[in-house]
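Asker: give me the fold of what follows.
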Amino acid sequence: MEGSRSGGLIAATWAAMVQLGHAGYLGYAKQIFDVSFAMQDAVRSHPELRLVGNPTFLFSFTSDEFDIYHVNDFMRLRGWRFNGQQYPNALHMAVTRPQTQTQTDVVAEFRTDLAEAVAYAKEHADEAPRSGAIYGGVAGGMTDEADEFIRSVMADMLDAQSVIPPS
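Answerer: Numbers count the residues shown, from 1 in each chain. Take a look at the predicted model:
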């Protein structure tokens, strides 16, 4: 099959959708959204944290009071995996089916761990966090030098990809 996706993956996805059916798919989607919205409520319960945008199953949050990556440092110790973002520095998580299938109350665990992570972030606010943005940014944040470098690389790349070969 042509394209950037494996034909096998497309066939497996189709087979899964046929097996689940419309009602099964909607049921799983509802579980995912319910867990995500409950986790977002846990984030909202901390005045130091702020959700970014209008999230659905994928949510991102930041803090104007401390470096949000301290929250990531603590949550990693509890087994949570967030992706770090920049502009603004933030953490994001996609709630998927595994979070709805745990034997424990994942939302209660998230709420408890997040509360401890916020306390940790406040206690370590004067230290540099161990983690940072995984993608979408420049280590240490945007500087004039980083901005100039990115613009130069992008201009070179666009020039190289937009050139018309001689006939």
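
Asker: burial count for Y28?
Answerer: By other C-beta atoms under 10 Å, the residues close to Y28 number 15. Every residue, glycine included, has its C-beta placed from N, CA and C.

Asker: that one against Q99, yeah?
Answerer: No: with contact defined as C-beta atoms under 8 Å, Y28 does not reach Q99; the gap is 11.5 Å.

Asker: wait, F74 touches A117, no?
Answerer: Yes: with contact defined as C-beta under 8 Å, F74 reaches A117; the gap is 3.9 Å.

Asker: of those two, which one has the most company?
Answerer: Legend: neighbour count by other C-beta under 10 Å for F74 and A117, higher for A117 (25 against 22).

Asker: next, the contact list for the more buried one, please.
Answerer: 70-71, 74-75, 78 (C-beta atoms under 8 Å, 6 or more residues apart in numbering).

Asker: pick out the most distant pair among those.
Answerer: With C-beta to C-beta as the measure, no two of the contacts of A117 lie farther apart than H70 and R78, at 13.6 Å.

Asker: looking at those two, which is more packed in?
Answerer: Between H70 and R78, counted using other C-beta under 10 Å, H70 has the larger neighbour count: 23 against 13.

Asker: and that one, how far from R111?
Answerer: 18 Å (C-beta to C-beta, to the nearest Å).

Asker: same question for D73.
Answerer: 19 Å.

Asker: now swap in A12 and tell me
Answerer: Counting by C-beta to C-beta, the gap from A12 to R111 is 35 Å.

Asker: just A155 next, same as before
Answerer: Applying C-beta to C-beta to A155 and R111 gives a distance of 47 Å.

Asker: those two: which is more packed in?
Answerer: Just comparing A155 and R111: by other C-beta under 10 Å the higher neighbour count belongs to R111, 17 against 10.

Asker: did I read that right, that one in a strand?
Answerer: No: note on R111: no strand contains this position according to DSSP: H, G, I helix; E, B strand; the rest coil, which reports helix.

Asker: nearest residue to it other than its sequence neighbours?
Answerer: A42 (4.3 Å; C-beta to C-beta, 6 or more residues apart in numbering).

Asker: ok, now S45?
Answerer: S45 sits nearest to R111 (C-beta to C-beta, 6+ apart), 7.5 Å away.

Asker: and the pLDDT for that neighbour?
Answerer: Looking at R111, its pLDDT is 97.

Asker: that's all I had, so thanks and see you.
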